[in-house]
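Visitor: my questions concern the predicted model and sequence given below.
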Amino acid sequence: MPDPTINRRTLLTLGTTTAAGLLGLATPARAAAPTWENIVQKTSFDDQASFTDSWQHGYPWGQYHNGAAKMLPSKATLSGGALTLTATRLTTSTENSPSTPNAPIWYHSGAVHATTPILINDQFPEYDIEGEFRTQTGQGIWPAFWTTGIYPDWPPESDILEYVGDSTNLFNTWTKAAGENDPAERTPLPVTNPGAWHRYRLWMEKDGDDVLLDYYFDGQWQATHRGVGWAGIPQYLIINLQMGSWASGVEPGDPEWPQQPGPTGDTTFQARNVWFGRTCNW
């Protein structure tokens with residue numbers, strides 16, 4: 001929960017050393033609010049009952065998205081307080097994803113989404129979203145921890161964790177002001193060992209009709225983006241292990257597109273201590 005004596009907007013105008021001294025951090029951070037409400041607890045992956053209270057399987061819209069994986073509940077498992085998503089390469093592809101760019105399905109994998117949407121408005125002006133993750137990376141591997149506007153309101157989209165075929169994490173903020181095919185802002189972060197546990201965090205704050213987004217990695221502030229026109233648009237929080245498509249380095253029409261290059265066998269993406277909460281103006 002944020003320290004009620006610290007105002008985030010003040011901190012962002014201070015020098016790094018001053019802000020660090022106030023917070024015990026190396027960078028500017030969180031804001032004050034009248035009350036605080038946790039929506040998803042860090043214990044939500046402890047057992048099936050806790051999971052069911054906060055999460056549902058698949059994407060909010062179904063089993064398919066923009067990659068070469070079909071999402072199945074059996075590919076999302078719980079153990080030791082962690083969620084493991086496992087993508088398994090199939091021996092052959094027998095269908096295409098119904099979502100653009102209609103990649104051939106070569107994997108069965110897992111996705112989950114939080115039951116309660118994120119809605120940044122005057123009543124809930126600030127959100128804190130955080131989790132610890134470790135993942136395999138490389139050609140064809142596309143894990144993500146992200147928010148997306150509820151259809152048909154896309155964008156907004158915020159990618160808190162996204163590796164697309166390599167070991168560079170992409171902090172992306174998508175907004176209609178930039179056109180729907182490109183993020184308005186992108187901050188790439190090379191990560192030495194994505195297969196170790198790392199902490200990814202997003203702080204969101206209403207700013208008029210916009211939303212300010214502060215991205216963190218292992219407790220260190222990385223970037224501030226602006227979600228233009230995001231206020232009042234509900235969003236889902238999603239964890240998924242997508243495969244193929246752009247993570248394979250191929251596009252429709254390329255000779256390798258039908259085969260969706262990527263790892264054979266199993267690929268895993270794990271999450272623990274995932275939570276989010278919000279400030280409340282009642």
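Guide: Thanks, I have the structure now.
Visitor: hmm, M204 is touching I129, no?
Guide: Yes. Using Cβ atoms under 8 Å, M204 makes contact with I129 at a distance of 7.3 Å. All C-beta atoms are positioned from the backbone trio N, CA, C, and that covers glycine.
Visitor: got any residues that touch both of the two?
Guide: I118 (Cβ atoms under 8 Å, 6 or more residues apart in numbering).
Visitor: now do the same contact list for G58.
Guide: M71, P73, A111, V112, H113.
Visitor: which stretches of the stretch 151-282 of the chain form strands?
Guide: 157-162, 168-174, 185-190, 198-207, 210-217, 220-227, 235-243, 266-280 (DSSP state E, counting those that start in this stretch).
Visitor: which positions in the longest one come out as buried?
Guide: Using 16 or more other Cβ atoms under 10 Å as the burial criterion, the residues of strand 266-280 that qualify are 267-279.
Visitor: now, which of these sits nearest L85?
Guide: Ranked by distance to L85 (Cβ to Cβ), the buried residues of strand 266-280 are led by F269 at 4.6 Å.
Visitor: now that closest one: how far from L241?
Guide: To L241, F269 is 4 Å away according to Cβ to Cβ, to the nearest Å.
Visitor: hang on, the earlier thing: ranking the strands of the stretch 151-282 of the chain by burial, who's on top?
Guide: Of all the strands of the stretch 151-282 of the chain, strand 235-243 has the most neighbours on average by mean count of other Cβ atoms under 10 Å, namely a mean of 25.
Visitor: helices or strands up against that one?
Guide: Judged by 3 or more Cβ pairs under 8 Å, 6 or more residues apart in numbering; DSSP states H and E, strand 235-243 is in contact with strand 69-71, strand 82-89, strand 107-109, strand 111-114, strand 126-135, strand 141-149, strand 266-280.
Visitor: give me the below-cutoff pLDDT ranges for the stretch 151-282 of the chain.
Guide: 178-181 (pLDDT under 70).
Visitor: rewinding a little: of the contacts of G58, buried ones?
Guide: For the contacts of G58, buried by 16+ other Cβ under 10 Å: M71, A111, V112, H113.
Visitor: A76 is in contact with the third one, correct?
Guide: It refers to V112. Yes. Using Cβ under 8 Å, V112 is in contact with A76, at 5.7 Å.
Visitor: quick check: neighbours shared by these two?
Guide: H57, L83, L85.
Visitor: for those, which single residue is the most surrounded?
Guide: L85 (24 neighbours; other Cβ atoms under 10 Å).
Visitor: overlap of the contact sets of F269 and L241?
Guide: L85, A87, T135, P143.
Visitor: quick one: which of the helices and strands packed on strand 235-243 is nearest P156?
Guide: Per Cβ to Cβ, nearest to P156 of the helices and strands packed on strand 235-243: strand 141-149, 4.7 Å.
Visitor: that closest one - contacts with which helices or strands?
Guide: strand 126-135, strand 157-162, strand 235-243, strand 266-280.
Visitor: and the angle from the third one to strand 210-217?
Guide: Between the direction of strand 235-243 and that of strand 210-217, the angle (axes from the mean of the first three to the mean of the last three Cα atoms, to 10 degrees) works out to 40 degrees.
Visitor: could you give the angle of strand 235-243 to strand 266-280?
Guide: Using the same axes, to 10 degrees, strand 235-243 lies at 170 degrees relative to strand 266-280.
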